[in-house]
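Visitor: Fold the stuff below for me.
(2 chains)
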Amino acid sequence: AQKVTQAQTEISVVEKEDVTLDCVYETRDTTYYLFWYKQPPSGELVFLIRRNSFDEQNEISGRYSWNFQKSTSSFNFTITASQVVDSAVYFCALTLNSGGSNYKLTFGKGTLLTVNP
Amino acid sequence: NAGVTQTPKFQVLKTGQSMTLQCAQDMNHEYMSWYRQDPGMGLRLIHYSVGAGITDQGEVPNGYNVSRSTTEDFPLRLLSAAPSQTSVYFCASSYSVFDRLPGYTFGSGTRLTVV
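Guide: The predicted structure is shown next:
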């Protein structure tokens, strides 16, 4: 069975601070995908990134960056120079990637990020 | 616009009432699934389908029924609503093999309150 742990339930920062959201995952499979989603107060799920288990390259997209380390089973998300609009719940999630087994996502419990002005 | 359409967006039910949450997608995705989101619990899988006529239980299936008679539609039925089913419900769809991003397409959610 798969498991995703987001140990940080809530994080509060002041605008322009950098913040890292942690994600640790468990799976016995060697092929899988990892995701990050943002859920703003409006409630919809906003896709941020999908990473294949074969691709350990870090990724940067504007103020967002992701650090994928298979050795520690972690897929951490950093927001640089945070802004009030970054305030949201962030979810890390995992699905398998073999034989059409990606029918379900396993989510972490989410981290509520509050960015104060 | 292509995507996953969920209706209704909001619903209040009385204990014991029944209702169906609708989910439709127009991307010809094979896979469809229902999740519920509760505070502090993340999203948990209720039921899923890998194709028309094929459904299976997820992590929290009790109190819910599903069917999939067409590729496009995957309704979720509450036969006798209970307060414990107060939640936000998301429908999602995907291809069996991911192609372009993002992989999964989620509906906008249904906020259900059972009183």
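Visitor: what about B:Tyr48, which SS state?
Guide: B:Tyr48 carries the three-state label strand when classified by DSSP: H, G, I helix; E, B strand; the rest coil.
Visitor: thinking it is in contact with B:His29, fair?
Guide: No - counting by Cβ atoms under 8 Å, B:Tyr48 sits too far from B:His29 to count as a contact (11.8 Å). For the C-beta atoms, the positions are set from N, CA and C on the backbone; glycine is no exception.
Visitor: Of those two, which one has the most company?
Guide: Taking neighbours as other Cβ atoms under 10 Å in any protein chain shown, B:Tyr48 and B:His29 compare with B:Tyr48 leading, 22 against 19.
Visitor: Quick check, pLDDT for the more buried one.
Guide: On the pLDDT scale, B:Tyr48 is placed at 96.
Visitor: what's across from the closest residue to it other than its chain neighbours in the sheet?
Guide: Leaving out its chain neighbours, the residue that sits closest to B:Tyr48 by Cβ to Cβ, 6 or more residues apart in numbering or on different chains is B:Ser33, at 3.9 Å. In this entry, B:Ser33 is beta-bridged to B:Tyr48, B:Ala92, by DSSP bridges.
Visitor: Helices along chain A, start to end?
Guide: In chain A, no helices are defined using DSSP state H.
Visitor: all strands for it, in order.
Guide: A:3-5, A:10-14, A:19-21, A:24-26, A:32-39, A:46-52, A:59-61, A:64-69, A:74-79, A:88-96, A:106-107, A:111-116 (DSSP state E).
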